[in-house]
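> Here is a sequence with its predicted model. Questions after.
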Protein chains: 2
Amino acid sequence: MSLLVVGSVALDTIETPFGKTKEALGGSAMYFSCAASYFTDVSLVAVVGEDFPREHIDLLEKRGIDTGGIITSPGNTFRWKGKYGYDLNDAETIDTQLNVFQHFQPTLNERQKNREFVFLANIDPDLQKSVLQQMLQPKFIASDTMNFWIERKNESLKSLLKNIDTLVINEAEARQFGQEANVFKAARKILSWGPKALIVKRGEYGSLTFHNQAIFSAPAYPLESVFDPTGAGDSFAGGFMGFLAKSGCLDTDNIKQAVVFGSVMASFAVETFSLERLAHLTEDRIYERYRELHNMACFEDLGD
Amino acid sequence: MSLLVVGSVALDTIETPFGKTKEALGGSAMYFSCAASYFTDVSLVAVVGEDFPREHIDLLEKRGIDTGGIITSPGNTFRWKGKYGYDLNDAETIDTQLNVFQHFQPTLNERQKNREFVFLANIDPDLQKSVLQQMLQPKFIASDTMNFWIERKNESLKSLLKNIDTLVINEAEARQFGQEANVFKAARKILSWGPKALIVKRGEYGSLTFHNQAIFSAPAYPLESVFDPTGAGDSFAGGFMGFLAKSGCLDTDNIKQAVVFGSVMASFAVETFSLERLAHLTEDRIYERYRELHNMACFEDLGD
């Protein structure tokens, strides 16, 4: 089935202990759609400025992504400048220029309104709701969020949760949102607000997925070098939603497999700056990492 | 097969956000032997002072543990006083009184020397080596250590590694010992110093096991309330070694299962102070948690 993502497109200037990049292609919708494109058809809704390089659109089109929903507005593209130290779990934001993203009002065309799978990347929960209201018959809706919205739009976020299937957030944000130091308690509280499933991303420690009373713990793919963690969460979500949309099945076993594909796609995203690796993969490389994670996580059950 | 543990016996005074306990039974060898006793015969070698309450010995004997190797020396028992905040990963040591433990020189009798499985709990690596030298034909040796010995007896520790099968340490200690921020790089370095396997304990994030080029990631058992994390690592090691000694098989599949029993036993240890829960379990409760972890971690492989 086909997949729609609404989110940001950005030009990222990033410094890590291993290198620097200037105005590289980034943004939640970029990482997401690129990761998901290995599994299913993806349409992207976002806004860029008049300065946005055409080559970036070409890159997405080469991956078969429907870029018709990328609107060009007068002004400059959203820019983010950040820095990571050796603790790659925390980004330090040096500068944010929202530019055209500040007035982003996603409006869907008929084709987009008919998509069955929807990912609402990390934007204002009121905008996320306005996208949902435009959808005609979505089959599965997932959304991301961040501490900024948890603090400033808490009620709006909670009311969004009533209308989505899965919330995908970081562990620190899950604790903050649920106001519990214990992640399992926090998860129980968040689930009580409406979503059928919750995925808690734990960086190098993998993820926890809560679905139908089941808890699934998936490891992160083991990497000796993480070059730039930017986009890991959105690539995770792209692998997850891409696989689900491809299979169309929403039972717990399938959701577990989808989460593992999320781990796989996140691992490719963090090995280089921007989409350098994520945009140039083969199915074989993706399946190989899935199998490695299977060997890494699975063990024998007890006999009777 | 039978199992020998050499380590500490302590009286712990602990404060957590959930309660306090005074001079409760603790120490690495206590948690380890209690956890392992559900799987196999365990002999314990340790030292206590003349003040050590007889009831603690009775508790171990009720669990079928051979306490003949607990020597009573003139003086007081080792005492540890610590405190945990809401971040239960870090203990703050308020006071340590080594007492009789300061002059602990483990001497094995003939029965102990013939044990096939040996766990060298966290003591001076020179003492760990002296125990190994007394063993007649050990089949499997594992040891623990801590930052204190990594800093002060680094070379001694490295030379110990040449003669053991498995090192079991915390993640922060693995990074410190391997001098690498990345845990996989750190693990590769530690393995190059000799042990056939390495288990990295990651607290609430579970563990990583490195064995024969394979990496195994096991989750921690999901607990909504961790009451007192003291003894988690030693109970983990007890479950791990106990299961291995019971089965006698050392292939990777069996080591994976043993690690999962480690997670299970650690989860019981942290639900109460001291051995309150760990000493009063049933096989059914243990197997039930193993099965829950199996459901929590395992997922389907890809078809061809």
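Arrived safely, thanks for sending.

> Most proximal residue of the stretch 1-150 of chain A with respect to chain B?
Nearest residue of the stretch 1-150 of chain A to chain B: A:Tyr86, at 5.0 Å (C-beta to the nearest C-beta). The C-beta positions use only the backbone N, C-alpha and C, and glycine is treated the same way.

> Alpha carbons of stretch A:236-254, as CSV, please.
Provided in CSV are the C-alpha atoms of stretch A:236-254 (Å, rounded to 0.1, in the frame of the first residue of the first chain):
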residue,chain,number,x,y,z
PHE,A,236,13.9,4.3,11.7
ALA,A,237,10.3,5.4,11.2
GLY,A,238,10.7,5.2,7.4
GLY,A,239,11.9,1.5,7.6
PHE,A,240,9.1,0.7,10.0
MET,A,241,6.2,2.3,8.1
GLY,A,242,7.7,1.3,4.7
PHE,A,243,7.7,-2.4,5.6
LEU,A,244,4.2,-2.2,7.2
ALA,A,245,2.7,-0.4,4.1
LYS,A,246,4.4,-3.0,1.9
SER,A,247,2.9,-6.0,3.7
GLY,A,248,-0.4,-4.3,4.7
CYS,A,249,-0.6,-6.6,7.7
LEU,A,250,-0.8,-5.0,11.2
ASP,A,251,-0.5,-8.0,13.6
THR,A,252,2.1,-8.0,16.3
ASP,A,253,4.5,-10.4,14.5
ASN,A,254,4.5,-8.0,11.5
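
> in chain A, which residue is closest to the centre?
In chain A, the residue lying closest to the centroid (C-alpha atoms, centre = their mean) is A:Asp234, at 2.4 Å.

> Not counting its neighbours along the chain, what's nearest it?
A:Tyr31 (3.8 Å; C-beta to C-beta, 6 or more residues apart in numbering or on different chains).

> how far away is the residue of the stretch 1-150 of chain A closest to chain B from A:Phe148?
25 Å (C-beta to C-beta, to the nearest Å).

> do A:Ser8 as well
Distance, A:Ser8 to A:Phe148, using C-beta to C-beta: 13 Å.

> Settle it for me: which of those two has more neighbours?
Shown here are A:Ser8 and A:Phe148; by other C-beta atoms under 10 Å in any protein chain shown, A:Ser8 has more neighbours (24 against 11).

> picking that back up, tell me the contacts of the residue nearest to the centre of chain A?
A:Asp234 makes contacts with A:7, A:28-32, A:35, A:121, A:144, A:269, as judged by C-beta atoms under 8 Å, 6 or more residues apart in numbering or on different chains.

> Return the subset of these lying in helices.
Among the contacts of A:Asp234, the ones falling in helices (DSSP state H) are A:28-32, A:35, A:269.

> farthest-separated two in these?
Greatest spatial distance among the ones in helices among the contacts of A:Asp234 (C-beta to C-beta): A:Ala29 and A:Ala269, at 13.7 Å.

> Low-confidence stretches in chain A?
For chain A, residues meeting the criterion pLDDT under 70 lie at A:304.

> let's go with 50 and repeat that
For chain A, no stretch has pLDDT under 50.

> dump the residue contacts of A:Lys22.
Contacts here follow C-beta under 8 Å, 6+ apart; on that basis A:Lys22 touches A:Thr13.

> err, A:Arg79, not the other one
Applying C-beta under 8 Å, 6+ apart to A:Arg79 gives the contacts A:10-13, A:23, A:95-97, A:99.

> Considering the residues you listed, which possesses the most neighbours?
In the contacts of A:Arg79, the most neighbours by other C-beta under 10 Å go to A:Ala10, 27 neighbours.

> so what's that one bridging to?
Per DSSP bridges, the residues bridged to A:Ala10 are A:Gly26.

> Spell out which parts of the stretch 51-200 of chain A neighbour chain B.
When proximity is defined as C-beta under 8 Å from any C-beta of the partner chain, the stretch 51-200 of chain A approaches chain B at A:86-87, A:181-185, A:188.

> let's see it at 6 Å
The stretch 51-200 of chain A comes close to chain B at residues A:86, A:181-182, A:184-185, as judged by C-beta under 6 Å from any C-beta of the partner chain.

> Let me have the contacts of A:Arg79 in a markdown table, extended by distance to B:Arg277 and secondary structure.
A markdown table is the format used below for these (distance: C-beta to C-beta, whole Å; DSSP: H, G, I helix; E, B strand; the rest coil):
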| residue | distance to B:Arg277 | secondary structure |
| --- | --- | --- |
| A:Ala10 | 50 | strand |
| A:Leu11 | 55 | strand |
| A:Asp12 | 49 | strand |
| A:Thr13 | 53 | strand |
| A:Glu23 | 57 | strand |
| A:Asp95 | 52 | strand |
| A:Thr96 | 49 | strand |
| A:Gln97 | 55 | strand |
| A:Asn99 | 57 | helix |
